[in-house]
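Peer 1: can't give you the sequence, but here's the structure:
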């Protein structure tokens, strides 16, 4: 089953980093966030990826073309460029990565439509290239298969940007610094779709996945929500990048399921 990852946006709210690299290549620790997302899926046995490229997509191509060399010690015989010996293995075994140009200015819906030709199975997964979670992908897939609808979106409670005050007649009874909001679910990515979803999409540049296609799917009663109450965090701003790096430096990073 293919896992499609949207990796072509401009990332304007993270301009400190994205001026130089596409947002999915922004590093958490020593690895790009794209790698962290792929490791989550790989842990559950899904390692056939389609990466939708756009802004600075060549940097993502270079990363995977040179992955073996950059993640291993090696010996090279000068004068024979084909004689390179790798001395150690990495843990990303059997990853199949398709790097698809989907247009520098394309919106999310257009990007997904343009990779339709790479989807062979009746079902595929889709997520954004800038968010990690401790989501159980197998449970997500089982939920999708149980309801028979075209689409499943993962609903999450995002972290609040501000401290929460629980009061009783102006007296603060509890203060919680930046808790997860419990007022309702929002789109957290980690979608599962039947291939039928492509009929809701167009390859015109301004086709936005989250607008007409998803709205029509919901109106047709073909969209279900998988509730995820665990950890989820996007990397949309420099503050969020610092948060993710801080969490990654801890012994048990919340999204490290592998």
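Peer 2: Received it, and whenever you're ready, just let me know what you need. Predicted model only: the values in this text are computed from it and were never measured.

Peer 1: what's the closest non-adjacent residue to residue 221?
Peer 2: Among residues not flanking residue 221 along the chain, residue 149 sits closest, at 7.6 Å (CB to CB, 6 or more residues apart in numbering). (Glycine included, C-beta is placed from N, CA and C.)

Peer 1: return the distance of stretch 84-99 from the chain's centre.
Peer 2: Distance of stretch 84-99 from its chain centroid, counting by CA atoms, centre = their mean, to the nearest Å, is 21 Å.

Peer 1: got the buried residues for that stretch?
Peer 2: Across stretch 84-99, burial judged by 16 or more other CB atoms under 10 Å covers 97, 99.

Peer 1: about what we covered before: wouldn't the residue nearest to residue 221 be in contact with residue 224 here?
Peer 2: Yes - if you go by CB atoms under 8 Å, residue 149 and residue 224 touch, sitting 5.1 Å apart.

Peer 1: what about the nearest residue to residue 114 once chain neighbours are set aside, distance to residue 93?
Peer 2: In this structure, residue 114 finds its nearest non-sequential neighbour in residue 102, 4.5 Å apart by CB to CB, 6+ apart. Residue 102 is 27 Å from residue 93, where distance means CB to CB, to the nearest Å.

Peer 1: same question, residue 248
Peer 2: Residue 248 is 22 Å from residue 93, by CB to CB.

Peer 1: same question, residue 82
Peer 2: According to CB to CB, residue 82 stands 23 Å off from residue 93.

Peer 1: how about residue 101?
Peer 2: Computed as CB to CB, the residue 101 to residue 93 distance reads 27 Å.

Peer 1: what's the answer for residue 79, then?
Peer 2: 31 Å.

Peer 1: cool, and residue 138?
Peer 2: For residue 138 relative to residue 93 (CB to CB), the value is 19 Å.

Peer 1: try residue 221
Peer 2: Between residue 221 and residue 93 the computed distance is 41 Å (CB to CB).

Peer 1: next: residue 112.
Peer 2: Relative to residue 93, and taking CB to CB, residue 112 is found at 27 Å.

Peer 1: about what we covered before: what sits against the residue nearest to residue 221?
Peer 2: Residue 149 makes contact with 194, 221-224, according to CB atoms under 8 Å, 6 or more residues apart in numbering.
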